[in-house]
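>>> whatever this is, show me its structure:
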Amino acid sequence: MAKKPISTNSNKASAQPRYHQTARELQAFGTVTSVLPLQLEEPIRLEMTEQLNQLLADTMTLRDLYKKSHWQVSGATFYQLHLLFDKHYEEQSATVDTIAERIMLLGGISIAMAADVAELTRIPRPPKGREEVPAQLSRLLDAHELIITECREIAELATKLGDPGTNDLVVSDVLRPSELQAWFLSEHLVNAPLVEAEPLRKSA
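Residues are numbered from 1 along each chain as shown. Take a look at the predicted model:
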């Protein structure tokens, strides 16, 4: 009696996991799909996704700078800055998601991997070692300044190109939180007396 041949149909349902699969890319980086009913022409969406990917790379770098600072902060202000840096890290993580989702919504491809972020970001790479608190704060403030500038430029461009959705996201979800975080940081760099106030001087 002849044996039945074993089925080799790869589409047949099975409980056996299929390991080590590879496939072609569904969409190349730097392109946008054209099926979404956004009422935005392809050149506009290409421009916006390119600008947003730059902002995303810098925001991901700022997020990671906060975590580095959270781990490595030291000194008399350790406790409050340890907590503040982690709070800002969590807020920046939410911002990263918001930017990436806007890129995908526009039909583009958001960057995601650390190597791509390192290649694209404009924020200087910090040293691996621990820095003094004023240097940590200054480094974070410089990163915020860069991102705030980017936000204003992207918001203006989005308005010019007729993309109010991107304008609103950049202003409401990136610019304003970044301004607030920068304020919190800058107040830690004020050289104010801790215990004894400077006496009033009598006018001549």
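>>> closest to the centroid, which residue in the protein?
Against the mean C-alpha coordinate of the chain, by CA atoms, centre = their mean, the closest residue is Thr59 at 2.7 Å.
>>> all helices for this protein, in order.
In the chain, the helices defined using DSSP state H lie at 42-72, 78-105, 114-120, 133-161, 164-169, 176-186.
>>> can I get those in TSV including distance to Ala23 and mean pLDDT?
No exception for glycine: its C-beta is placed from N, CA and C like everyone else's. Supplementary listing: these in TSV, determined by distance: least, CB to CB, whole Å; pLDDT from 0 to 100:
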stretch	distance to Ala23	mean pLDDT
helix 42-72	23	97
helix 78-105	19	98
helix 114-120	20	97
helix 133-161	33	98
helix 164-169	31	98
helix 176-186	38	98
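>>> a markdown table for those helices, including distance to Ala13?
Output for the helices of the chain, formatted as a markdown table (distance: least, CB to CB, whole Å):
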| stretch | distance to Ala13 |
| --- | --- |
| helix 42-72 | 37 |
| helix 78-105 | 30 |
| helix 114-120 | 36 |
| helix 133-161 | 46 |
| helix 164-169 | 41 |
| helix 176-186 | 47 |
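>>> quick one: distance of stretch 110-128 to the chain centre.
Averaging C-alpha coordinates over stretch 110-128 and over its chain gives two centres that are 10 Å apart (CA atoms, centre = their mean, to the nearest Å).
>>> my bad, stretch 13-24
Using CA atoms, centre = their mean, the offset of stretch 13-24 from its chain centre is 33 Å.
>>> again with stretch 192-200
So, by CA atoms, centre = their mean, the centroid of stretch 192-200 is 39 Å from its chain's centroid.
>>> how near is the residue nearest to the centre of the chain to Thr31?
Applying CB to CB, to the nearest Å, the value for Thr59 to Thr31 is 22 Å.
>>> ditto for Pro164
Using CB to CB, one gets 23 Å for the distance from Pro164 to Thr31.
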